[in-house]
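[1] Dropping the sequence and predicted coords here.
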Amino acid sequence: MREVKTIFTIHLNISMTRLLLILCFLLNSCSGIPAEFYKEAYLSVRSMIGSPELDSTKDFYENFKFSYASISIGNSGQSIVVLSSTNDGLYEWVSEDGVLIYTYGGKIIQTVGLQHDSSFKAANPEWIDGYKSNIQLDLYNPDALSLMGKQSISFKGSTFISHVEQTIEVSQFMENISIDSINWSAVNHYAINQEGQVLKSIQKIHPYLPKIEIQYFFK
Amino acid sequence: MKKKLIIVFLLFLASAIDLNASSKDYLYKSFDPSFSNWGTTGLLNMPSARFQEPGTIALSFASHEPYSRLAGVAYPFQWMEAIYQYTDIRDRLYSEVYAFSGNQTFKDKGFDVKFKLLNESRFLPQIALGFKDLAGTSLFSSEYLVASKYYKNIDFSIGMGWGIMSNNQISNPIGKLADRFSIDRGAYTGEADKGGTFSTSSYFRNEKVGLFGGAEIFIPQVKGLRIKLEYDSTNFNKEGNRKQELDSRINFGLVYTVNKNLSFFGGRVRGNTLQFGFSLKKNFSRKSSSIPKNDHKILDSSDAIKQATAINSRYLYLASLQYLKEEEINVRTVGVEDTKLSVAFSQSKYTSYSKAYGRALSILDQIAHDEIDEFELISQNRAFDLSSISIMRDDYTAFKNNRDITTLKNKALIDSGYSKNSKHQYRPAFNYPVFFYSLAPDFATHIGGADRFFAGSLDLNFKTEILFNNSLNLQLDISHPVFSTFDVLEQGSDSILPHVRTDVIQYLKQGDGLMIKRAQLNYFQHPTQSLFFKFSGGLYESMFGGIGGEILYRPFASFWGLGAELYSVRQRAFDQRLKFQDYKTTTGHVTLYVEIPSTDVLVKLIGGRYLAEDSGFTLDLSRSFNSGLRIGVYASKTDISYEEFGEGSFDKGFYFYMPIDTIISSHSRKLTGYGMRPLTRDGAQRVNVSLDLWGLTHEGSKNNIYDTFEYFYD
C-alpha cells in the first residue's frame, strides 16, 4: 500500500499562488535560497499536475479490514478515509490527519477539518428523477450560515464503471444545487449500483473547494 | 465633463447592492482593495485611502506607454504603506552616452509612502496622506490627500494632489496658511537634483492643486471582477519632465481577482493608451500564514513507556533522550529532582521557541511517569542558556482538554535559562564535530545597472556548519557559477571614498570560479545572565574578512539591549578566494536596541566607524509579526558630505525577511527575505558578520516567548 497522504496537505499543495510566491523568492532572495524551497517548489508543481492514484486492486480491497473510500480534492492525489461509524444512514469517515467527512446516501453532507468546511441540512437526496427539495447550508472559512437553497435530482441513464477490478452497471444521477443569496450553484454526479448504493461520486460542496471525487468501498 | 461625471456617479449609486457580512465573502472572491498602476492601493493612476492588511507583502506590475512599473509594496502597520518601485521609461534612454548605457531605456527608482489619518466609520470616510517619488529625482514627485468611503459594494475615493498630481484646478488651500506654499514648486526642484534627498521644502507647494476621484465597483454577478473609473488629475505636461498626449482625464479599467492574492487588471488611461498589469500579494503576518503543521507526535506505547520511566530516573532520562531526538530536539542535560523533570535542549527545527517548548512538553508528558508533576524546559542556543519555562503537569493536562492557551500562558513560569541546568544529573556525550550541510542551486542578481537593467548568475552553492562543541563553530559557504550574464557589466566605481562596496561589479564578474562566500569561525560565551559574547574570525562575506568580536548586554525581561562590536578587516580579492587587497581598516559600532512595548517595533540606533572610515549613525526601524515576518527601513548619516557620498546623498534602504516555514509545508528555522538600497555607495557601510548576538538571542527572549505563546500548540 502506498503512503496514505493527508487530505489537508494535499489540498494546500495545489495553491498556484504559493508556487508563484516560491518562484518570486527563488529569483529575489538576497540571503541565498534555502534548500527547502526547491523541495517545496517541486511538491507544488507535482501537486498541480496530479499525483499517482492509490491502489484500488482487489487485493487491496480484500486486505483492508474496514469500509473505506478513496477521495481526491481537485487535481490532488488520492487519499483514503475510513468508515468509523454509522448512525441511521449517516456515515462518518475519518482520514489519517483527522479530517471528518459525513455522508448520507453517498452525498457529502458535512466536513470537519478541511480548509473550507460545509454542512448541509435537510439535503438528504432521494435518487428519484425529478426529485426537488429545499436545503439549508452552512459554509465555513469564511462563515456564512443558514443559507437557503434548492436541490434537484435528475436521472441521466445507465453506464458501466470499474469498481474493485469489476465492471459494474450503475445508474447515473445528477444533483443540481443552487444558493441564490451567494450566487452559487453546483452540479454533482452520482453512480449508484443496483442495490441503491452510491459507489462513485463527484461533488462540489463549498464554493472555495475544488470538486471532490469520492469512491466508496463497502465491506 | 461635470455632467458626465454626475451621470456616472448616479449610475454607480443605482447599481450599488446591499450586502450582509456573511454573503459578501462568497459573492466576491475578494473584497480587498486592489492596486493601482503605481503600486499603491488605489484606482488606476490615482490612489485611494485604502490599505492592505498589515503584514502584507505585494508585488505589482503595470504597463502603459511609455511606462512599465514594477513595485514592491509592504504594509508594516495598518496605517502605513511603503513602496519601492522601478519605472522603465521607454521613450527615453538611460543616458545620452552610448558607450555608457547602450540602448537601455531610462530607469527611475522611486520610494512612495502612504499614511492612514482616519479610519472609516459609519459616516466618515477613511483618509490618507501620501507621498510619491519621495526623495527621488522628482520625475513623479507628488503629495496627495485622499478620502475613501464604501457605499454598499462601491468604494468611492476623492482627493487632492500636489506636484505631478496637480493639473492646476483650484488654489492651493495650504497656501492660505503660509504664502510659501502658494509658490510653484518648480522653483524648488533644485534640491532634488542630487537625488535621494528628502526635499521637504517643496512638499505641498503649488499655486494650484489638482482634484481627483473615482470608484472601484465590485461586481457580484461576475465573481472576481471589478470596474474602476477615475478622474485623473495628473499634470501630463510635467510628468516625467515632458509632455504627453492627453485625450481624456477619465480613465477606466477592469480588475479580475483570480483569488485573494492574485489579480490581473487592464484598462485605458489618458483617453488614448491601454494599460495592463497584475498584482501578487500575501499576508505573512498571521500565525502559520500558509501551511499549518499539525504534526504532534502521539506515542502508541505511552503507557508502557511511563511504566518503564517509573523504575528509575535514568530510564526517564534515556526515554527523554530518545523520544525528543525523534522530534529533532537535542537533549543536552536532564535533571530529575523529586517530582520535577527538567530538560535542557537545543533545536534547529522550529523557528518559534514557544512551539519547540510545546512539542517537547507534549513528548515529555507522554513518557514521564505519573509521579512527575512539574516540567521545566530550558532552551539553549550554542553556548547560550536562553530561557526556561516551568509548567505544572495538572495545568498542562487541563490545557490539553480545553486548549485554553491564555490560561496556560498565565500559569507558565517563563524565566531566564541561565545556569538552570548546572545541577542536572544526566549529560549525554556528543560525538563532536557535528556537521550540517546543504547543496543547492542559488541565484545572484544585479538590478538597475547602466549596462543592463538585470544581470544574474545561477550558482551551485554548498553551505556547511561544523560544530566543534557548544561554543565553537565554523560556517562555510562556497559557490561555483553554472551560468552567468555578469560579463556584460562594465560600469566602474566613481566613488571618491575607498571602494568598500562600489566595486561590486568586479566581485560579480571575477567571481567566475570557486568562490568562498564565507568561512567564519565563531566562539560564543555566556559569562553572566545578561551578557553574551561572540568572537569571529575568517572570511566574513564576499568583500571582507578579518577578526573581531561582539558583546551584547541584554537583560532577560527587558525591552532593551546594548551591544558593541569591533572588527579589524581587510578587503578581499575580487575572485573571492583566499587573497586580500591592500585596503584594511578597523570598524566598530555601539548599538542601542529598544523594543517599543505593545507595538512590535524594534528601534536600533547604531553609531560608530564604518568600512570607508566614515563615522556616524544608522537608525533602523522595523516591525515584527508573530509569524516571524520583519519589515524594516534604515537610514545612515556619517561625516561625509552629500558630494563625497555621491548619487543618493546618504545611505538608506528597506528590507523584509521571514521564516520560510510560513510558506512551506515542513518546519524550518531558516529565513528568507529581500533587501533593497536605492543605490549602493561606499559611505555608511558595515561589514556583514553572520550570527549577530541580538538575532541569536531574540527568539529566546522573554518578550518574544510571551508574544508568540500562541504557537505553543500550533
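    That came in fine, so what should we check first?
[2] continuing past the one helix or strand B:Ser346 maps to, what's the next helix or strand?
    For B:Ser346, the host element (DSSP states H and E) is strand B:340-347. Next along the chain after strand B:340-347, taking DSSP H and E as the criterion, comes helix B:353-367.
[3] and that next one, anywhere near chain A?
    No - for helix B:353-367, no contact with chain A is found by C-beta under 8 Å from any C-beta of the partner chain; the gap never falls below 15.7 Å. For glycine as for every other residue, the C-beta is placed from the backbone atoms N, C-alpha and C.
[4] what's the neighbour count on B:Asp91?
    When neighbours are counted by other C-beta atoms under 10 Å in any protein chain shown, B:Asp91 registers 12.
[5] these two touch, right, it and B:Tyr67?
    No - using C-beta atoms under 8 Å, B:Asp91 is not in contact with B:Tyr67; the gap is 9.2 Å.
[6] Name the surrounding residues that touch the lengthiest strand in chain B.
    As assigned by DSSP state E, the longest strand anywhere in chain B is strand B:580-596. Strand B:580-596 is contacted from outside by B:498-500, B:545-546, B:548, B:554, B:559-573, B:601-613, B:686-687, B:694, B:703, using C-beta atoms under 8 Å, 6 or more residues apart in numbering or on different chains.
[7] What residues sit buried inside that strand?
    B:Tyr583, B:Thr585, B:Thr587, B:Gly588, B:His589, B:Thr591, B:Tyr593, B:Glu595 (16 or more other C-beta atoms under 10 Å in any protein chain shown).
[8] Kindly report the same for stretch A:109-117.
    Going by neighbour count (16+ other C-beta under 10 Å), the buried part of stretch A:109-117 is A:Ile109, A:Gln110, A:Thr111, A:Gly113, A:Leu114, A:Gln115, A:Asp117.
[9] quick one: which two of those residues are the most distant?
    Largest separation among these by C-beta to C-beta: A:Ile109 and A:Gln115, giving 18.2 Å.
[10] Would you mind writing the CA trace of the longest strand of chain B as CSV?
    Taking C-alpha atoms only, strand B:580-596 is exported to CSV below (Å, rounded to 0.1, in the frame of the first residue of the first chain):
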residue,chain,number,x,y,z
PHE,B,580,43.2,40.1,0.0
GLN,B,581,43.6,43.5,-1.4
ASP,B,582,45.6,46.3,0.2
TYR,B,583,42.7,48.1,1.9
LYS,B,584,42.3,47.4,5.5
THR,B,585,40.6,49.2,8.4
THR,B,586,39.1,48.9,11.8
THR,B,587,35.4,49.2,12.1
GLY,B,588,33.2,49.1,15.1
HIS,B,589,29.8,50.2,16.4
VAL,B,590,27.8,50.5,19.5
THR,B,591,24.1,49.6,19.1
LEU,B,592,21.2,50.5,21.3
TYR,B,593,18.3,48.1,20.8
VAL,B,594,14.9,49.2,22.0
GLU,B,595,11.7,47.2,21.6
ILE,B,596,8.8,49.6,21.9
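[11] any idea of the mean pLDDT in it?
    For strand B:580-596, the mean pLDDT works out to 97.
[12] Adjacent strands (with direction) for that strand?
    Next to strand B:580-596 in the sheet, as set by DSSP bridges, lie strand B:560-572 (antiparallel), strand B:601-609 (antiparallel).
[13] to the chain's geometric centre, what's the distance from the last one?
    In this case it means strand B:601-609. 17 Å (C-alpha atoms, centre = their mean, to the nearest Å).
[14] Name the residue of the stretch 451-600 of chain B that lies nearest to chain A.
    B:Asn461 (6.4 Å; C-beta to the nearest C-beta).
[15] What's the local residue count around that residue?
    Counted by other C-beta under 10 Å, the residues lying close to B:Asn461 total 20.
[16] show me the contacts for it.
    A:Gly32, A:Ile33, B:Leu439, B:Ala440, B:Pro441, B:Asp442, B:Asp477, B:Ile478, B:Ser479, B:Lys517.
[17] Name the secondary structure element that contains it.
    Using DSSP H and E, the element containing B:Asn461 is strand B:454-467.
[18] Quick check: buried residues in the next helix or strand after that strand?
    Remark: after strand B:454-467, the chain's next helix or strand is strand B:472-484, criterion DSSP H and E. Across strand B:472-484, burial judged by 16+ other C-beta under 10 Å covers B:Leu472, B:Asn473, B:Leu474, B:Gln475, B:Leu476, B:Asp477, B:Ile478, B:Ser479, B:Pro481, B:Ser484.
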